[in-house]
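[1] no sequence on this one, just coordinates:
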Ligand code: AMP
Ligand code: ZN
């Protein structure tokens, strides 16, 4: 998807270090961290938000990725945030789940 920051990161048009990657999703450190560890887990498919999901399997895949990332990074206590819609604070219109941990 043109002009989508997360699609550009996936396609290596914007440099970013992947902390995790599988067939369905990838994860990066948030550029503006709001906790000691602030990771974004992002589906490879350009889905605008939770409201545009056509197959809920992606939700399972995203959470499986979160569990693997947390195990890898030793994160046991954490928050997960999903902002859906501009009015709710969604800035990047490509679905992502925030992991926040101290
Ligand atoms: P949201 O408000 O839920 O859409 O969150 C978007 C998040 O993406 C914010 O926390 C931003 O700091 C983060 N972000 C924006 N651009 C980048 C980038 N190039 N690399 C990493 N994180 C980014
Ligand atoms: Zn995108």
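    Thanks, I have it. In this text the structure is predicted, and so the values were computed from the model without any measurement. Ligands and ions are numbered 1, 2, ... in the order given.
[2] what segments of the chain are helices?
    Along the chain, counting by DSSP state H, helices occupy 5-10, 57-73.
[3] for the longest one, packing partners?
    Where contact means 3 or more Cβ pairs under 8 Å, 6 or more residues apart in numbering; DSSP states H and E, helix 57-73 is packed against strand 18-21, strand 25-29, strand 37-43, strand 97-101. (Each C-beta comes from the backbone N, C-alpha and C, glycine too.)
[4] what does the protein have sitting close to ligand 1?
    5, 14, 16, 28, 30-32, 40, 83, 89-92 (Cβ under 6 Å from any ligand atom).
[5] on that earlier part again, any idea which of the helices and strands packed on helix 57-73 is most buried?
    Of the helices and strands packed on helix 57-73, the one with the most neighbours on average (mean count of other Cβ atoms under 10 Å) is strand 37-43, at a mean of 22.
[6] could I get the helices of the chain as TSV with distance to residue 99?
    Below are those laid out as TSV (distance: least, Cβ to Cβ, whole Å):
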stretch	distance to residue 99
helix 5-10	15
helix 57-73	6
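[7] highest mean neighbour count out of these?
    Using mean count of other Cβ under 10 Å, the stretch among these with the greatest mean number of neighbours is helix 5-10 (a mean of 19).
[8] redo the helices of the chain as a markdown table? Include mean pLDDT and distance to residue 98.
    Formatted as a markdown table, those follow (pLDDT from 0 to 100; distance: least, Cβ to Cβ, whole Å):
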| stretch | mean pLDDT | distance to residue 98 |
| --- | --- | --- |
| helix 5-10 | 98 | 13 |
| helix 57-73 | 98 | 10 |
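[9] now the ones you listed in CSV, with distance to ligand 2?
    Converted to CSV, those look like this (distance: least, Cβ to the ion, whole Å):
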stretch, distance to ligand 2
helix 5-10, 3
helix 57-73, 13
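[10] contact partners for the most centrally placed residue in the chain?
    The residue lying closest to the centre of the chain (Cα atoms, centre = their mean) is residue 41, at 2.2 Å. Listed by Cβ atoms under 8 Å, 6 or more residues apart in numbering, the contact set of residue 41 reads 20, 25, 26, 27, 62, 65, 66, 69, 96, 97, 99.
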